[in-house]
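Chemist: curious how this folds, go ahead:
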Amino acid sequence: MTDRGDYQCRYSRLRPWRGLRSAKIRAVLLAAVFILVLPDFQTRDGLPQLKDGDLVFQTSKSSQSAAIFAATANVFTHMGIVRNDHGRILVIEAGAKLREIPLGAWVQRGVLGRVAVYRDPTLTPEQAGTVITAARALLGRPYDIFFAFDNDAIYCSELPYLAYGAAGIAIGRREKVRDLHFDNALVRKLIAARWRNHPRCKAEGYDFERCFQEILEQEVVSPASIAQDPRFRRIWSNFPLWWGPVAFVVRACAIA
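Modeler: Below is the predicted model of the structure:
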C-alpha cells in the first residue's frame, strides 16, 4: 500500500513532467522553482574577506546546467576558485576556456546572482599558494564537454579537484556517471548533441546507445560532492536559508 508522501513523490501524470520519468527529476525541478525564483530571507550584507583557495558556487545559466542539477539534486552547477590579488577578488574558472574573471562579473553570470562561498579552515597559506599556482598553470585550457579525466580539457569542478590535489589535498569524490542520476531525458538530450565527438566513441564507431553506456561508466567529480566535503565550511551564501530542508525532501523523493 502506498502512503500519501510516496504518492506525491511518484505522481507523474501531469503534462509538464512528461518525459521526466523519475521522481528524483521532478522533485529536483520543483525545488529549483522554490530555490531560485522565490526571494531569500538571508542577510544581504557584503561578502566577508575572501582568501586564496576559497571556493564559490552558483547555478549556471548554461545549457547544461539543468542536466547537472537533475543529476546531482543540487543547485550548485558551476564553481570556481577565489584568488585574492592584493584585494582584487578574482575567480579562476573552467568556462569556454579556463580563465580568471572578477568576482562581481562571475556572480552576475549566475542565476539571480546567487552565490555560496566555502572555505577549508585548515588550508595553510603555503597550501593556498600551491592551489592557486596549480590552477593558474591551466589557464587557457578548453572546457571539457565530456567531463573526463583523461584529456587536456578541464570542466568546472575538475579544476579545484586538480588544484587542491596539487597541494596534496583530496576533495570531493569521484563517482561513476551512472551512480548519479544521469540516465534521464535532460542528460540524454545533452549527450545527444555531443556524443559524435566523444573521442572513444568516435574512435570505436559506437552508435548513440553504446556511447551513452560508455559515458555512464566515466568517473566525474561534481560541484555538489565538493560542497558536501566535510573539509569545507560554508562562510557565506545568499541562497535561501531553507534550501537545506528542501534538499532533504529532494533526496527523500529520489530514494523512495
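Chemist: so where do the strands sit in this protein?
Modeler: Along the chain, the stretches classed as strands by DSSP state E are 55-58, 78-85, 88-94, 98-102, 116-119, 175-176, 219-220, 233-237.
Chemist: mean neighbour count, those: which tops it?
Modeler: Ranked by mean neighbour count, these are led by strand 55-58 with a mean of 26 (mean count of other C-beta atoms under 10 Å). Yep, even glycine has a C-beta here, placed from its N, CA and C like the rest.
Chemist: give me the helices and strands touching that strand, please.
Modeler: strand 78-85, helix 103-108, strand 116-119, helix 223-227 (3 or more C-beta pairs under 8 Å, 6 or more residues apart in numbering; DSSP states H and E).
Chemist: show me how far the second one is from its chain's centre.
Modeler: Right, helix 103-108. Remark: helix 103-108 is offset 17 Å from the chain centroid, using C-alpha atoms, centre = their mean, to the nearest Å.
Chemist: contacts for it next, please.
Modeler: With contacts defined as C-beta atoms under 8 Å, 6 or more residues apart in numbering, helix 103-108 is touched by Leu47, Leu50, Val56, Gln58, Gly80, Val82, Ile89, Leu90, Val91, Glu93, Gly113, Val115.
Chemist: with respect to Arg188, which of these is nearest?
Modeler: Gln58 (24.9 Å; C-beta to C-beta).
Chemist: so what's that closest one bridging to?
Modeler: Gln58 has these beta-bridge partners by DSSP bridges: His78.
Chemist: re the thing from before, can you redo the helices and strands packed on strand 55-58 as JSON lines, where the extra columns are distance to Gly172 and mean pLDDT?
Modeler: As requested, these are exported to JSON lines (distance: least, C-beta to C-beta, whole Å; pLDDT from 0 to 100):
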{"stretch": "strand 78-85", "distance to Gly172": "10", "mean pLDDT": "98"}
{"stretch": "helix 103-108", "distance to Gly172": "20", "mean pLDDT": "95"}
{"stretch": "strand 116-119", "distance to Gly172": "11", "mean pLDDT": "97"}
{"stretch": "helix 223-227", "distance to Gly172": "4", "mean pLDDT": "96"}
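Chemist: let me have these in TSV, extended by distance to Arg141.
Modeler: Formatted as TSV, the helices and strands packed on strand 55-58 follow (distance: least, C-beta to C-beta, whole Å):
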stretch	distance to Arg141
strand 78-85	14
helix 103-108	18
strand 116-119	23
helix 223-227	18
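Chemist: how about Phe208: what's its closest non-neighbour residue?
Modeler: Take Phe208 and drop its neighbours on the chain: the residue closest to it by C-beta to C-beta, 6 or more residues apart in numbering is Trp195, 5.7 Å away.
Chemist: residues contacting the one you found?
Modeler: Contacts for Trp195 were tallied using C-beta under 8 Å, 6+ apart; they are Cys201, Phe208, Cys211, Phe212, Ile215.
Chemist: go again using 7 Å as the cut-off
Modeler: For Trp195, the contacting residues are Cys201, Phe208, Cys211, Phe212, by C-beta atoms under 7 Å, 6 or more residues apart in numbering.
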